[in-house]
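1. got a predicted structure plus its sequence, pasted below:
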Amino acid sequence: MRNSSVYDDMLHLPHHTSRTHPHMDRITRAAQFAPFAALTGHGAAIQETARLTQQKRELDENSRELLDYRLQLIRSCADPHPELCVTFFVPDEKKDGGRYETVRGKLKKIDTQARMLVMEDGRKIPIAETEKIEGKLFQEEGNLWYD
């Protein structure tokens, strides 16, 4: 028994070609079916949520004391612009936490009013966010604590 369908009469007809519309190439036709962003900004929100941040580490008493000593040593240093390597915490603007950065360069000044280390390249580092200060200045044997 043969399965007949209501479309059997159309099955073997020649392919229709329009007389009024020009033939569309494959790339243009495929572009009609390309996906679109129904939820604009959703991908960016997912990416922001997935971005990792670090929590700020609290310095212990010895580390704070060392940091204070090194700041005093910088103030009393004969070289007004010592070469330093400063590690500090940068709070994230959008979510809890942040990241640690390390900057190497010459110190321009210590701004005691704003409590900032101002580097010669213009970067300002908050003393309250500073975790570690290193440099040749602290490697001299005459200093109490050195690297």
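-> Ah, there it is.
2. packing partners for the longest strand anywhere in the chain?
-> In the chain, with assignment by DSSP state E, the single longest strand is strand 98-111. On a contact count with 3 or more CB pairs under 8 Å, 6 or more residues apart in numbering; DSSP states H and E, strand 98-111 meets helix 61-75, strand 83-91, strand 116-119. For the C-beta atoms, the positions are set from N, CA and C on the backbone; glycine is no exception.
3. pick the most deeply packed of the ones you listed.
-> Most buried of the helices and strands packed on strand 98-111, by mean neighbour count (mean count of other CB atoms under 10 Å): strand 116-119, with a mean of 19.
4. strands paired with that one, and their directions?
-> strand 98-111 (antiparallel), strand 124-126 (antiparallel) (DSSP bridges).
5. how far off centre is the last one?
-> Spelled out, that is strand 124-126. In terms of CA atoms, centre = their mean, to the nearest Å, the centre of strand 124-126 is found 18 Å from the chain centre.
6. the longest one now?
-> Its chain's C-alpha centre and that of strand 98-111 lie 18 Å apart, by CA atoms, centre = their mean.
7. these two touch, right, G135 and C85?
-> Yes - between G135 and C85 there is a contact at 6.0 Å, judged by CB atoms under 8 Å.
8. next up, the contacts around the nearest residue to G105 once chain neighbours are set aside.
-> Leaving aside its chain neighbours, G105 sits nearest to M119 (4.7 Å; criterion: CB to CB, 6 or more residues apart in numbering). Taking CB atoms under 8 Å, 6 or more residues apart in numbering, we find M119 in contact with 84, 86, 103, 105-108, 125.
9. ok, now F89?
-> 56-57, 98-100, 129, 131.
10. for the helices and strands packed on strand 98-111, which one sits closest to A38?
-> Proximity to A38 (CB to CB) singles out strand 83-91 among the helices and strands packed on strand 98-111, at 34.5 Å.
11. now do the closest one against helix 61-75, angle only.
-> On the basis of axes from the mean of the first three to the mean of the last three CA atoms, to 10 degrees, strand 83-91 is oriented at 130 degrees to helix 61-75.
12. who does strand 83-91 pair up with?
-> By DSSP bridges, strand 83-91 pairs with strand 98-111 (antiparallel), strand 130-134 (antiparallel).
13. so L52, which of the three states?
-> Under DSSP: H, G, I helix; E, B strand; the rest coil, L52 falls in the coil class.
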